[in-house]
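Colleague: Would you be able to build a 3D model of this:
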Amino acid sequence: MATKTIFKRIIDKEIPAQLVYEDDRCLAFRDVNPQAPVHVLVIPRQEIQSLAHAADGDAPLLGHLLSAVRTVAKKLDLAQGYRVVINCGPDGGQTVDHLHLHVLGGRRLEWPPG
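Modeller: Purely as a prediction, here's the structure:
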């Protein structure tokens, strides 16, 4: 990645974000354009362009991101349910070239999503 993504700038504390969770491998913050009452992004500190760009050796980090999602959901009282979305590539709706997981909840979510 040649230039810093907005997520890398958040990681580097160059841009403020409403953090809801942070550890040594990832952080979670509220989306500035929420699509549900609760919309949090979980991002790895390690720069990985997308899920398609993750290497086999990234499996422990990918598992950690899902564990962080579970922690965020508990913290935000999403006991009634939530959705986790990973957009991959332009056709998948990915707009920032840094792997991120959307945690959506706070209302009943319909299917199909769009």
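Colleague: Next one, pLDDT for residue 112 please.
Modeller: We have a pLDDT of 86 for residue 112.
Colleague: for the longest helix anywhere in the chain, packing partners?
Modeller: If you go by DSSP state H, the chain has its longest helix at helix 59-75. Identification of packing neighbours for helix 59-75 by 3 or more CB pairs under 8 Å, 6 or more residues apart in numbering; DSSP states H and E yields strand 19-22, strand 26-30, strand 38-44, strand 82-85, strand 101-105. Yep, even glycine has a C-beta here, placed from its N, CA and C like the rest.
Colleague: how about the third one: buried residues?
Modeller: Meaning strand 38-44. Neighbour-count burial for strand 38-44 flags 38, 39, 40, 41, 42, 43, 44 (criterion: 16 or more other CB atoms under 10 Å).
Colleague: circling back: tell me which residues are up against the longest helix of the chain.
Modeller: 20-21, 23, 25-26, 28, 40, 42, 44, 46, 48, 51, 54, 82, 84, 99, 101, 103, 105 (CB atoms under 8 Å, 6 or more residues apart in numbering).
Colleague: Next: stretch 91-109.
Modeller: 1, 5-8, 28, 31, 35-44, 47-51, 53-54, 65-66, 69, 72-73, 76, 78, 80-88.
Colleague: Please list only the buried members of the residues you listed.
Modeller: 5, 7-8, 28, 31, 36, 38-44, 47-51, 54, 65, 69, 72-73, 76, 78, 82, 84, 86-87.
Colleague: In CSV: the helices and strands packed on helix 59-75, plus distance to residue 12.
Modeller: Output for the helices and strands packed on helix 59-75, formatted as CSV (distance: least, CB to CB, whole Å):
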stretch, distance to residue 12
strand 19-22, 13
strand 26-30, 11
strand 38-44, 12
strand 82-85, 25
strand 101-105, 20
